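Novice: how would this look folded up:
(chains A, B, C, D, E and F)
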Protein chains: 4
Amino acid sequence: MNIGKVQQAAVLLFARQGFAATGIRELGASAGINSATIYHYTGSKEELLVQVMRTCLDEMIASGSAALRLSAEPTIQLAALVSAHVGFTAANPLTARVAEYEMRVLSPLNREAMQKLRDDYESLFAQVVERGIRVGDFSTEDPTMARLALMEMGTGVAHWYRPDGRLTLSEVQHNFVMMACKILSADRSMLAGINFIHPPVQLASEPPGVPVVSAH
Amino acid sequence: MNIGKVQQAAVLLFARQGFAATGIRELGASAGINSATIYHYTGSKEELLVQVMRTCLDEMIASGSAALRLSAEPTIQLAALVSAHVGFTAANPLTARVAEYEMRVLSPLNREAMQKLRDDYESLFAQVVERGIRVGDFSTEDPTMARLALMEMGTGVAHWYRPDGRLTLSEVQHNFVMMACKILSADRSMLAGINFIHPPVQLASEPPGVPVVSAH
Amino acid sequence: MNIGKVQQAAVLLFARQGFAATGIRELGASAGINSATIYHYTGSKEELLVQVMRTCLDEMIASGSAALRLSAEPTIQLAALVSAHVGFTAANPLTARVAEYEMRVLSPLNREAMQKLRDDYESLFAQVVERGIRVGDFSTEDPTMARLALMEMGTGVAHWYRPDGRLTLSEVQHNFVMMACKILSADRSMLAGINFIHPPVQLASEPPGVPVVSAH
Amino acid sequence: MNIGKVQQAAVLLFARQGFAATGIRELGASAGINSATIYHYTGSKEELLVQVMRTCLDEMIASGSAALRLSAEPTIQLAALVSAHVGFTAANPLTARVAEYEMRVLSPLNREAMQKLRDDYESLFAQVVERGIRVGDFSTEDPTMARLALMEMGTGVAHWYRPDGRLTLSEVQHNFVMMACKILSADRSMLAGINFIHPPVQLASEPPGVPVVSAH
DNA sequence: AATGAATGAGAATTCATTCAT
DNA sequence: AATGAATGAATTCTCATTCAT
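Specialist: Alright, predicted model coming up:
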């Protein structure tokens, strides 16, 4: 028995029903262990959630930062960042959703810490957009809105992407990069020949198999 | 005492903490009445949520359908629909968020009914995108993804729009319409002189004043 | 609207589900009035029960006492008393059952008063049995047990007697008188030509129509 | 901690106040445990009642059936059955009372099942009476009424029998058998030398000590 | 490492009752 | 006379958590 199994069960149920609506007994049952045993792996239900969220956000920041280091060109950075974001979200749809939706149930201290991580992650997008505009590679009526739209759009992938769906992950990533470029009026030809797509990490907390709700 | 007050309290708390994490006592206290009195206005906590969601989705469908009736031109329809979507979301951020997030806590029967309404609403976007592509007004690598991105983007407005913020609602709506056109490579000049922006309805369930979380 | 209707509704529901399991709203609905209106007729749910019980026990004592006054002969007294008991129980099965079963839910003061009435009623049987034995008309191994058996037996009529059943009330009364005589080894020939059967009173609290449970 | 203790507390309180008037907290307090712990032993308040009733009725059927197997003589069967009935009722007055009184609070499914058991038990009496009459050993004006009177009478023992009372259990059983024979005009001499009295089973659910209400 | 038993706190909901209309 | 609105107290049951084994 390892903590990954418990985390997977937790993520599955938290994504499906929400943290508050998921009982610790239900969680144990889903992981195949007694509910009391969960307390050998974690201090409390909230701490279990925090661990999952922290790992998720840490990885998002790491892969996002890595994307930015690929090049100094804003357009290539944008492509790599959007691609990493979409890739991660598609590879870890349930964990990503839980990390987004369940922020609100945390106690103030934990929420503050997690929100800080998310803000750090979002600032990666803000940096790229801002520099791209500054150097004249991007153009938009409102940089803030463009950034928010970009992120929201990519996050939405968690709601519908299926590994066995109509499109491969690479195709999805590619399309999103194209849309991002359109929104920011970036010159897509700059991406020719550049491999900005990197395979996403699969978190230990991400349950295998089909997601929570039916596809669109 | 009227049900609007209860609904506003419910939406505020459901948006802030989630349905499952909100107690009926807390709800009563927030509405200024005894928790037992809530049961004069509604049959159960879930029914209260369903009423709010149904009103919200009904209005979304109504205003979306009205937008489509404004013109036969796909580009104008797109603009009107996106504008209505963003407007409604900005005018009713908490109610809209609750209607989206809390679908999962519903019992099967209610969830089915609410999901049907949401699907109806989403199909409005699908119709416009599909027809715009068919007649050659829009161009995209993947219509489905484009539609999902469009919607997700607009819904995100609920997370950050403030009536007293940097931008007026009209500006926000305008910018989103522009981004939508970019994503679909629609000819924005077709919108010149067309007033596709209509003032959104304010639902009785939408609590007045500032939203749940701090701005980005 | 009169109190009889409320009492009938109360007796019907109390007999069917018990006093504690019957709500005041349910009671109002069954009587066709608002639950608050019940408080125009009675001070509380318990008081409503007490009124019904008191009327019932008063009438039992009255008809039992009248039976004893019919004759000075123990055997005739026994016949009249058993006949009155069975007759009353058959005519008011639900009220009689409520008066018996629901004694325990009363608050101490009311219970004491009602128990006193029931004791008074039971003492009528004790008197007859004791005198019959003293003067040599009755014979039994244990007078107390015989008396208890007599009463219990007759009370059981409430469980199965139906006005439209196989036997007329007179026949039932007659048969019970015969069984009583057998138990006490009384000389049944003494009853020849004596009309010891009197028509029972129908209480206002007794609901019309068929009783609570199906017949045996 | 064992379930017997909980059952005893339940039977005591159910008999004293009724099922509906007994709270789960009160029940826990009476058993010396937290109310939540009760749900370790049983699924619900009703299930607790059902378990008690089923055990009681099963044992009644078992001991009644055993009584009938003692002999082929209707008179001896009657004596054994009445003796078993009275013995069981005297040994388990509270459980027997609860099994009888609280049938009505059960949900339809459970009530049906329990009523079936009671009907099975009552049919034992019907069989004996009917056969006794058919072979000419018994005589009565109405077999059905005689049977009902017999049972009702014996059940009444629960209301007054005390182990430390004026009469031993054997004496009570003997007297009831005599009364039963009188009612059915059975030849009591057939019982001479036959030991039709067997010691009753004491159920785990029967609380020790003095019963609910004061003696007559 | 794992669990069954146990519990105090809290959940949603219903209760009998009051009162202004 | 009758009622809809309102409520404090109580209901059954579930909760996350602890602990001895």
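
Novice: tell me the SS of A:Ile33?
Specialist: At A:Ile33, secondary structure determined by DSSP: H, G, I helix; E, B strand; the rest coil is coil.

Novice: touching DNA strand F at all, the lengthiest helix in chain A?
Specialist: The longest helix of chain A (DSSP state H) is helix A:108-134. No - Helix A:108-134 stays clear of DNA strand F (C-beta under 7 Å from any atom of the strand), getting no nearer than 12.0 Å. No exception for glycine: its C-beta is placed from N, CA and C like everyone else's.

Novice: and that helix with chain B, contact?
Specialist: Yes - Helix A:108-134 lies within reach of chain B by C-beta under 8 Å from any C-beta of the partner chain, at A:Glu122.

Novice: then the helix or strand of chain A with the lowest mean pLDDT to PDB, C-alphas only?
Specialist: None of the helices or strands of chain A scores lower by mean pLDDT, DSSP states H and E than helix A:157-160, at a mean of 90. Extracted as PDB, the C-alpha positions of helix A:157-160 are listed here (Å, rounded to 0.1, in the frame of the first residue of the first chain):
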ATOM      1  CA  VAL A 157      -9.000  21.200 -21.700                       C
ATOM      2  CA  ALA A 158      -9.400  19.300 -18.400                       C
ATOM      3  CA  HIS A 159     -13.100  19.200 -19.100                       C
ATOM      4  CA  TRP A 160     -13.100  17.500 -22.400                       C
END
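
Novice: still on that earlier bit, residues of the longest helix of chain A that come out buried?
Specialist: Neighbour-count burial for helix A:108-134, counted by 16 or more other C-beta atoms under 10 Å in any protein chain shown, picks out A:110-111, A:114, A:117-118, A:121-122, A:124-126, A:128-133.

Novice: Please identify which of these is nearest to D:Ala186.
Specialist: A:Asn110 (81.7 Å; C-beta to C-beta).

Novice: quick one: the closest one and A:Glu46 touch, right?
Specialist: Yes - applying C-beta atoms under 8 Å, one finds A:Asn110 in contact with A:Glu46, separated by 6.7 Å.

Novice: neighbours around the residue nearest to A:Gly32 when sequence neighbours are not counted, how many?
Specialist: Excluding its sequence neighbours, the residue lying closest to A:Gly32 (C-beta to C-beta, 6 or more residues apart in numbering or on different chains) is A:Lys5, at 7.3 Å. Neighbourhood size, A:Lys5 [other C-beta atoms under 10 Å in any protein chain shown]: 16.

Novice: contacts for the host helix or strand of A:Lys5?
Specialist: In this structure, A:Lys5 sits in helix A:3-17 according to DSSP states H and E. Here helix A:3-17 makes contact (C-beta atoms under 8 Å, 6 or more residues apart in numbering or on different chains) with A:22, A:26-27, A:30-33, A:38, A:41-42, A:48-49, A:51-52, A:94-95, A:97-98, A:101-102, A:204-208, A:211-212, B:20, B:104-105.

Novice: which ones among those are found in strands?
Specialist: The members of the contacts of helix A:3-17 all map outside strands under DSSP state E.

Novice: Would you mind listing what in chain A touches chain B?
Specialist: Residues of chain A lying near chain B (C-beta under 8 Å from any C-beta): A:16-21, A:101, A:104-105, A:122, A:141-142, A:144-146, A:148-149, A:151-153, A:155-156, A:159-160, A:166-167, A:171-172, A:174-176, A:178-179, A:182-183, A:185, A:212-213, A:216.

Novice: What about those, which are in helices?
Specialist: Short answer: those in helices (DSSP H) are A:16-17, A:101, A:122, A:144-146, A:148-149, A:151-153, A:155, A:159-160, A:171-172, A:174-176, A:178-179, A:182-183.

Novice: Just the buried ones from those residues?
Specialist: By 16+ other C-beta under 10 Å, these give A:16-17, A:101, A:122, A:144-146, A:148-149, A:151-153, A:155, A:159-160, A:172, A:174-176, A:178-179, A:182-183 as buried.

Novice: Domains of chain A: list them as residue ranges, please.
Specialist: A:1-43, A:46-191 (automatic domain parsing).

Novice: and the first one, is it in reach of DNA strand F?
Specialist: Yes - with C-beta under 7 Å from any atom of the strand as the criterion, DNA strand F is reached by domain A:1-43 at A:22-26, A:35-36, A:39.

Novice: Closest to D:Ser83 out of these?
Specialist: A:Arg25 (49.9 Å).

Novice: what does chain A put close to DNA strand E?
Specialist: A:1, A:33-34, A:36-37, A:39-40.

Novice: if you skip the residues just before and after it, what's nearest to A:Val128?
Specialist: A:Gln77 (4.9 Å).

Novice: what about whichever strand or helix holds the one you found, distance to the chain center?
Specialist: Under the criterion of DSSP H and E, A:Gln77 resides in helix A:74-91. Centroid separation between helix A:74-91 and its chain, computed with C-alpha atoms, centre = their mean, to the nearest Å, is 11 Å.

Novice: which strands and helices sit next to that helix?
Specialist: Applying 3 or more C-beta pairs under 8 Å, 6 or more residues apart in numbering or on different chains; DSSP states H and E, we find helix A:74-91 packed against helix A:45-68, helix A:108-134, helix A:143-155, helix A:157-160, helix A:169-183.

Novice: Centre of the chain to the first one, how far?
Specialist: Once both centres are worked out by C-alpha atoms, centre = their mean, helix A:45-68 turns out to sit 9 Å from its chain's centre.

Novice: If you count neighbours, what's buried in it?
Specialist: A:45, A:48-53, A:55-57, A:59-61, A:63-64, A:67-68.

Novice: close to DNA strand F, is it?
Specialist: Yes - with C-beta under 7 Å from any atom of the strand as the criterion, DNA strand F is reached by helix A:45-68 at A:45-46.
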